[in-house]
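Enquirer: the following comprises the amino acid sequence and a computationally predicted model.
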Amino acid sequence: MVEKINITFLGTGSSIPTSRRNHPATLLQYKAENILIDCGEGTQRQFRKAKLNPGKVSKILISHWHGDHILGLPGLLQTMVLNGRNEKLEIYGPRGTKRKLKELMDVFMKWYFDLNKRLGRGFEIVAHEVSEGVFFDDKDFYIEATTGVDHGVSAAAYSFNVKEKNRLDKEKLEKLNIPNSPLIGELSKGKTVEINGKKVDGKKLIYKEDSRKVAIIMDTRYNEDIVKFAKGADLLITEASHAKEEQEFATECGHMTSVDAAKVAKKAKVKALVLVHLSQRYEAAPKIILNEARTVFEDVIIPEDLESVEL
């Protein structure tokens, strides 16, 4: 059975929230990991609406430190403190993240953390600044970043990558009525072993789980660096703040249009495209963005807040 990547779009709007779309935030779940990408104002309430537990967030990835992407962070951390969290929280972001997080904590959170320290409770927050390449590597997956983001400030884009691996087919294993044994480890390596007088060929029980890649690219102008970074993604989640008629304005503000985002998807040969960070201008008519993008790249969706996709 393939372990699924589940992605919930907690906020699909941009600088100004609307009744339909909250500030940017995306939750990626894989096995025990709950990775939050950006944390706009109101994100923890979006967690509640989606019936998800914000206390289970294991990592936070910050694309950049503009208010619409981070102003939900103080409230989320405060809730974690008040709910008695004790697991370490890792926060990743572009150059300047350590200083900016400290400033944010000093303004909003110092009292809470000082109190909990005196009471002998609380949790550790560790800030990391990412650059180019892999910054977290686990046996099942790795996360990489690029700073080739053109938004006028220090910023990063991320990709979550499940590694290709060989797996034992549990259903076939169950049909063989093989008891739990250390020899199952040998079967998982494709070896032939003898169990209860019967030879079992591990190669016949193994299937290959393909690698998978989810790329998340937020505020940026179109450029070849992000095309290269998104290359071959199974799913590309990216901003499309404006319609093509606003190309000049979008470029001036450091954003992409519907067509820009679709061009990234097409040139990077991704399998599917998700457009988020829509301007309030398209509150009533997101299909303007959708239809323009589909003239360039066919497999594209615009999710509503709290919708999810599985990969």
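Expert: Yep, it's here.
Enquirer: how many residues are close by the closest residue to Lys213 other than its chain neighbours?
Expert: Closest residue in space to Lys213, ignoring its immediate chain neighbours: Ala233 at 4.5 Å, by C-beta to C-beta, 6 or more residues apart in numbering. No exception for glycine: its C-beta is placed from N, CA and C like everyone else's. By other C-beta atoms under 10 Å, 26 other residues sit near Ala233.
Enquirer: so Ala233 makes contact with Ala215?
Expert: Yes - counting by C-beta atoms under 8 Å, Ala233 touches Ala215, with 4.2 Å between them.
Enquirer: need the contact list for the residue nearest to Ile5 when sequence neighbours are not counted.
Expert: Setting aside the residues directly before and after it, Ile5 is nearest to Leu311 in space (C-beta to C-beta, 6+ apart), at 4.3 Å. Shown in contact with Leu311 (C-beta atoms under 8 Å, 6 or more residues apart in numbering): 4-7, 212, 214, 234-235.
Enquirer: just to be sure, which of those residues are found in strands?
Expert: 5-7, 212, 214, 235 (DSSP state E).
Enquirer: which among the residues you listed gets closest to Val193?
Expert: Taking C-beta to C-beta as the measure, Val193 lies nearest Arg212 of those, at 30.5 Å.
Enquirer: my guess is the closest one meets Gly232, correct?
Expert: No - using C-beta under 8 Å, Arg212 is not in contact with Gly232; the gap is 10.3 Å.
Enquirer: who's more crowded, those two?
Expert: Neighbour count, other C-beta under 10 Å: between Arg212 and Gly232, Arg212 has more, with 21 against 13.
Enquirer: and the more buried one, what does it touch?
Expert: With C-beta under 8 Å, 6+ apart as the criterion, the residues that contact Arg212 are 5, 161-162, 234, 311.
Enquirer: report the two of these separated the most.
Expert: Farthest-apart pair in the contacts of Arg212 is Asn161 and Leu311; separation 11.7 Å (C-beta to C-beta).
Enquirer: now the closest residue to Val107 other than its chain neighbours: phi and psi?
Expert: Computed as C-beta to C-beta, 6+ apart, the closest residue to Val107 that is not its neighbour in sequence is Pro74, at 7.8 Å. Pro74 adopts backbone torsions of phi -60, psi -40, taken as degrees, to the nearest 10.
Enquirer: then Glu129?
Expert: Torsion angles, degrees, to the nearest 10, at Glu129: phi -110, psi 120.
Enquirer: so it versus Arg221, what's the distance?
Expert: Relative to Arg221, Glu129 is positioned 22 Å away (C-beta to C-beta, to the nearest Å).
Enquirer: so Asn291 is in which element?
Expert: Using DSSP states H and E, Asn291 maps to helix 287-294.
Enquirer: list the buried residues for that helix?
Expert: For helix 287-294, the buried set under the neighbour-count rule, 16 or more other C-beta atoms under 10 Å, comprises 288-290, 292-294.
Enquirer: tabulate these in JSON lines, adding columns for pLDDT and distance to Gly67.
Expert: Formatted as JSON lines, the buried residues of helix 287-294 follow (pLDDT from 0 to 100; distance: C-beta to C-beta, whole Å):
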{"residue": "Ile288", "pLDDT": "97", "distance to Gly67": "26"}
{"residue": "Ile289", "pLDDT": "98", "distance to Gly67": "23"}
{"residue": "Leu290", "pLDDT": "98", "distance to Gly67": "27"}
{"residue": "Glu292", "pLDDT": "98", "distance to Gly67": "28"}
{"residue": "Ala293", "pLDDT": "98", "distance to Gly67": "27"}
{"residue": "Arg294", "pLDDT": "98", "distance to Gly67": "32"}
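Enquirer: quick check, nearest of these to Phe108?
Expert: So of the buried residues of helix 287-294, ranked by how close each gets to Phe108 (C-beta to C-beta), first place is Ile289, at 34.3 Å.
Enquirer: show the contacting residues for that closest one.
Expert: Taking C-beta under 8 Å, 6+ apart, we find Ile289 in contact with 240, 243, 258, 275, 278, 282, 302.
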